[in-house]
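Trainee: have a look; sequence and predicted model below, questions after that.
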Amino acid sequence: MTTNGHQQLTPEGGAAPDRRVVITGMGAVTSVGVGVREFLTALRTGRSGVRPLGAFDTEGFAYANGCEVVDFDPGPWLTRYKPEELGRATQFSVAAARMAVEDAKMDLDLLSSGKVLVTVGTTDGESRDLDHLVGLQLAEGEDGLDPVVARRVPAGRLSVCIARELGLSDVEAVTIPTACAAGNYAIGYAADAVRAGEVDYALCGGADAVCRKTFAGFYRLGTIAPERCQPFDINRKGILTGEGAGVLLLESLDSALARGAQIYAEVLGCGLNCDADHPVAPNRDSIARCMELAHSRAGVSPAEIDFVSAHGTGTRANDVTEAGAIRKVFGDSPPRTISIKSMIGHTMGAASALSAIACALAVAEQFIPPTINHEETDPECDLDCVPNVAIDAELRVVQNNALAFGGNNAVLILSRFEGASP
């Protein structure tokens, strides 16, 4: 059964394979660490990536903290591109993809000999470059536009440049623009393609770069926190914009076993829905329906979920609504529910991809990352958010929530790999 609940058919009209799908490689670019091992250490220790924003001139804003990736050098991850040929978000996506391939110990010749899907979610594409181009046009007119920067702008490059950098030829490359839920959308789409036998391997996730346009938009909405992000806390003051990328390598269980690959987690299923109820306000009942859909697709009951990685932005509108949806699905004893946005900010299109990596690491390492900056739980949320300190836990099935403007919801279910060891 696919993400959307429809059995895939072969070109001849027969039922397609229904293969188990596993995660065998991961790449992470974040404000708290680059590379999956460094990201794991940050999750275990509750590291904060917050600092004053330096990506653009913040004069005129009363406060401007965020979670930027500082001192990032894409050079070591690029062999076919010069760094200046790629926008910052594409640098992140390409670097994270190569990290995932190396983490999976996947031979590039083997990868390129198979059918591959590359799917990357994003909110802003290369809006940071667009900010720059708009500034140039205002200052110097159209003749002042930088052609090198202009060529970097199309959002499709976030996925296409991964394919070219890795030398993939039998490949479908898709950039999915479903904003803050885009990472989970990309992973769900990729899992369906691997499960149905349409592709042999998939590189999937999300990427975004901090930009003035998005910061100013959230600032004008009154949702930017002055100092830090405190999901589910009674004293929360909003989000912090962040940046980065998370890319996962998916393959069938048979493929992973055949090549002796490490297996972080199994992808059980994904639920997607769009209520189109309101441009920015989340809808509790719609979010609950999406969770139930994900459970159904994954073949699990709410009682089997060991913890939830929440969308958890740190705004009252999100936190109270999401907590209400969780309680509607799970009842009066919901599982522990955490938000890694307290550490890395809201990385937009990368957010749920990085949360999926956190979930996969959690089930592989048997721990739950903390929600940092926590002082007092909002009674309207009433969730155990694992305040400030990671805990060891026996985990089998975990849930990753992603909610986006416009009512796009995506919920991913992962499990600890149980079966024959490679």
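Mentor: Nice, I can see it. Owing to the predicted nature of the structure, the values given are computational and were not obtained by experimental measurement.

Trainee: what helix or strand does the spatially most central residue of the chain sit in?
Mentor: Geometric centre of the chain, nearest residue: Ala353, 1.8 Å, by CA atoms, centre = their mean. Assigned by DSSP states H and E, Ala353 falls within helix 351-365.

Trainee: tell me the strands beside the helix or strand just after that helix, with direction?
Mentor: Using DSSP H and E, the helix or strand that follows helix 351-365 towards the C-terminus is strand 367-368. Its sheet considered, strand 367-368 pairs with strand 391-392 (antiparallel) by DSSP bridges.

Trainee: which SSE is immediately downstream of the strand it pairs with?
Mentor: strand 397-404.

Trainee: mind giving me the packing neighbours of the helix or strand just after that next one?
Mentor: Next helix or strand after strand 397-404 toward the C-terminus (DSSP H and E): strand 408-415. Contacts defined by 3 or more CB pairs under 8 Å, 6 or more residues apart in numbering; DSSP states H and E place strand 408-415 against helix 182-195, strand 265-274, helix 284-298, helix 351-365, strand 397-404. C-betas here are computed from N, CA, C, even on glycine.

Trainee: and the angle from strand 408-415 to helix 284-298?
Mentor: With axes from the mean of the first three to the mean of the last three CA atoms, to 10 degrees defining the directions, strand 408-415 sits at 40 degrees from helix 284-298.

Trainee: and strand 408-415, average pLDDT?
Mentor: In this model, strand 408-415 has an average pLDDT of 97.

Trainee: hey, C-alpha coordinates of that strand in PDB?
Mentor: Provided in PDB are the C-alpha atoms of strand 408-415 (Å, rounded to 0.1, in the frame of the first residue of the first chain):
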ATOM      1  CA  ASN A 408      -0.500  20.600   4.400                       C
ATOM      2  CA  ASN A 409       0.200  17.900   7.000                       C
ATOM      3  CA  ALA A 410       2.600  14.900   6.700                       C
ATOM      4  CA  VAL A 411       3.200  12.300   9.400                       C
ATOM      5  CA  LEU A 412       6.000   9.700   9.100                       C
ATOM      6  CA  ILE A 413       6.200   6.400  11.000                       C
ATOM      7  CA  LEU A 414       9.500   4.700  11.500                       C
ATOM      8  CA  SER A 415      10.400   1.600  13.500                       C
END
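
Trainee: buried ones in it, by neighbour count?
Mentor: Asn408, Asn409, Ala410, Val411, Leu412, Ile413, Leu414, Ser415 (16 or more other CB atoms under 10 Å).

Trainee: grab the nearest non-local neighbour of the second one.
Mentor: Spelled out, that is Asn409. Cys290 (3.9 Å; CB to CB, 6 or more residues apart in numbering).

Trainee: which pLDDT value belongs to the one you found?
Mentor: Confidence at Cys290, expressed as pLDDT, is 98.

Trainee: from Phe232, how far off is Pro334?
Mentor: According to CB to CB, to the nearest Å, Pro334 and Phe232 sit 12 Å apart.

Trainee: apologies, that question was intended for Ala186.
Mentor: With CB to CB as the criterion, Ala186 and Phe232 are 26 Å apart.

Trainee: tell me which of these two has more neighbours.
Mentor: Comparing Ala186 with Phe232 by other CB atoms under 10 Å, the one with more neighbours is Ala186, at 35 against 29.

Trainee: quick one: the more buried one and Thr119 touch, right?
Mentor: Yes: using CB atoms under 8 Å, Ala186 is in contact with Thr119, at 4.3 Å.

Trainee: identify the contacts common to these two.
Mentor: Val174, Ile176, Cys204 (CB atoms under 8 Å, 6 or more residues apart in numbering).

Trainee: neighbours around Lys115, how many?
Mentor: Quick note: Lys115 (other CB under 10 Å) scores 16 neighbours.

Trainee: the closest residue to it other than its chain neighbours in helix, strand or coil?
Mentor: Nearest in space to Lys115, with sequence neighbours left out and distances taken as CB to CB, 6+ apart, is Val199 at 4.5 Å. For Val199, the assignment made with DSSP: H, G, I helix; E, B strand; the rest coil gives coil.

Trainee: check contacts around Val199.
Mentor: Taking CB under 8 Å, 6+ apart, one finds Gly114, Lys115, Val116, Leu117, Glu172, Ala190, Ala193 in contact with Val199.

Trainee: secondary structure element for the fifth one?
Mentor: So that's Glu172. Applying DSSP H and E, one finds Glu172 within strand 171-176.

Trainee: run the angle between that strand and strand 408-415 for me.
Mentor: Using the same axes, to 10 degrees, strand 171-176 lies at 130 degrees relative to strand 408-415.

Trainee: partners of strand 171-176, with directions?
Mentor: Short version: by DSSP bridges, strand 171-176 pairs with strand 116-121 (parallel).

Trainee: just the CA trace of the strand it pairs with, in CSV.
Mentor: Provided in CSV are the C-alpha atoms of strand 116-121 (Å, rounded to 0.1, in the frame of the first residue of the first chain):
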residue,chain,number,x,y,z
VAL,A,116,17.3,6.3,-8.5
LEU,A,117,14.9,8.8,-7.1
VAL,A,118,16.1,12.1,-5.7
THR,A,119,13.4,14.1,-4.0
VAL,A,120,14.1,17.2,-1.9
GLY,A,121,11.6,19.3,0.0
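
Trainee: what's the first helix or strand after it?
Mentor: Next helix or strand after strand 116-121 toward the C-terminus (DSSP H and E): helix 127-140.
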